[in-house]
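>>> sequence isn't available, so here's the structure alone:
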Ligand code: 13P
């Protein structure tokens, strides 16, 4: 169960419009048969167009959020089944920006993971501590509580990816130290095995937070780092391609 396929996932956040799909064409051309799984999660209006552009490619498309309900009176929201219908195969859930901007709790995230699994979407469940929590020595306990609370009981491990993204490392150019990444990813692996048994060994754990071409290789060398969730550097084919190449070599 330890032969986890590595995953390079890009999160475009609220960036990108039609002309930026040229970056996706360039990425697909430069990486026609990547030796790792590659995923790009654009803003919702681009999902279908991106999926169409990638129809001949092995690069997957994902959403950045979904609603916990399958349908109904939820103006502005998108269901997991709608993401699938648009061409998505994954969905990022519980990103710290959604936890902060939209007050999402771990219980909310767990309900969304349930909905995503029902729609056959793989969830990338994000966890991570703030700087104050790390300085207080609470990083492991905060992330452990987020992880426990964000995973519904009856989800199968095959439908899960975990992303450890320290909040203070996102978009700041600061990266957690190699020893802190190793400690946290090891703790997350232990928690997943406690929760899911042998299936927990198969769940990929991504690191996220200022991953760039220049620091990717040393991060990917850390045990239990199975890839990255990349924000800013996923917006260009050149930078994201270099990160994919580093992951292939790891
Ligand atoms: P940056 O790579 O821009 O720091 O963003 C990380 C992130 O939040 C990915 O979800």
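Arrived safely, thanks for sending. All values reported here derive from a predicted model rather than from experimental measurement.
>>> check contacts around the residue in the chain that the ligand sits nearest to.
The minimum distance from the chain to the ligand, using C-beta to the nearest ligand atom, falls at residue 231 (2.2 Å). C-beta coordinates here come from the backbone N, C-alpha and C atoms, glycine included. Applying C-beta atoms under 8 Å, 6 or more residues apart in numbering, we find residue 231 in contact with 10-11, 13, 170-171, 208.
>>> which of those residues tops the neighbour count?
Most neighbours among the contacts of residue 231, by other C-beta atoms under 10 Å: residue 10, with 28 neighbours.
>>> contacts only, for the spatially most central residue of the chain.
The centroid of the chain falls nearest to residue 124 when counting by C-alpha atoms, centre = their mean (4.4 Å). Residue 124 is in contact with 9, 62, 90-93, 161-163, 206, 229, counting by C-beta under 8 Å, 6+ apart.
>>> now tabulate the residues you listed in TSV and tack on distance to residue 100, neighbour count and secondary structure.
Shown next, in TSV, are the contacts of residue 124 (distance: C-beta to C-beta, whole Å; neighbours: other C-beta atoms under 10 Å; DSSP: H, G, I helix; E, B strand; the rest coil):
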residue	distance to residue 100	neighbour count	secondary structure
9	20	25	strand
62	21	26	strand
90	22	23	strand
91	19	25	strand
92	15	26	strand
93	14	29	strand
161	21	25	strand
162	19	24	strand
163	16	27	strand
206	20	23	strand
229	16	27	strand
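>>> nearest to residue 81, of those residues?
Distance to residue 81 across the contacts of residue 124 (C-beta to C-beta) is lowest for residue 91, with 11.0 Å.
>>> and that closest one, what does it touch?
Residue 91 is in contact with 41, 62-66, 80, 83, 112, 116, 121-124, counting by C-beta under 8 Å, 6+ apart.
>>> find the nearest non-adjacent residue to it, please.
Using C-beta to C-beta, 6 or more residues apart in numbering and skipping the chain neighbours, the partner closest in space to residue 91 is residue 63 (4.3 Å).
>>> neighbours of that neighbour, how many?
Residue 63, neighbours per other C-beta under 10 Å, totals 26.
>>> re earlier: the ligand next: which of the contacts of residue 231 are close?
When contact is defined as C-beta under 6 Å from any ligand atom, the contacts of residue 231 meet the ligand at 11, 170-171, 208.
>>> which of those residues fall within strands?
Using DSSP state E, the subset of these located in strands is 11, 208.
>>> ok, so of the ones next to the ligand among the contacts of residue 231, who is nearest residue 216?
Lowest distance from residue 216 to those (C-beta to C-beta) belongs to residue 208, with 11.7 Å.
>>> that closest one touches residue 167, doesn't it?
No: counting by C-beta atoms under 8 Å, residue 208 stays clear of residue 167, with 10.4 Å between them.
>>> which secondary structure elements does the longest helix that the chain contains contact?
Using DSSP state H, we find that the single longest helix of the chain is helix 178-196. Here helix 178-196 touches helix 139-150, strand 160-164, strand 204-208, helix 216-220, going by 3 or more C-beta pairs under 8 Å, 6 or more residues apart in numbering; DSSP states H and E.
>>> touching the ligand at all, it?
No: counting by C-beta under 6 Å from any ligand atom, the ligand has no neighbours in helix 178-196; the shortest distance is 13.8 Å.
>>> quick check: buried residues in that helix?
For helix 178-196, burial by neighbour count (16 or more other C-beta atoms under 10 Å) applies to 180-182, 184-185, 187-189, 191-193, 195-196.
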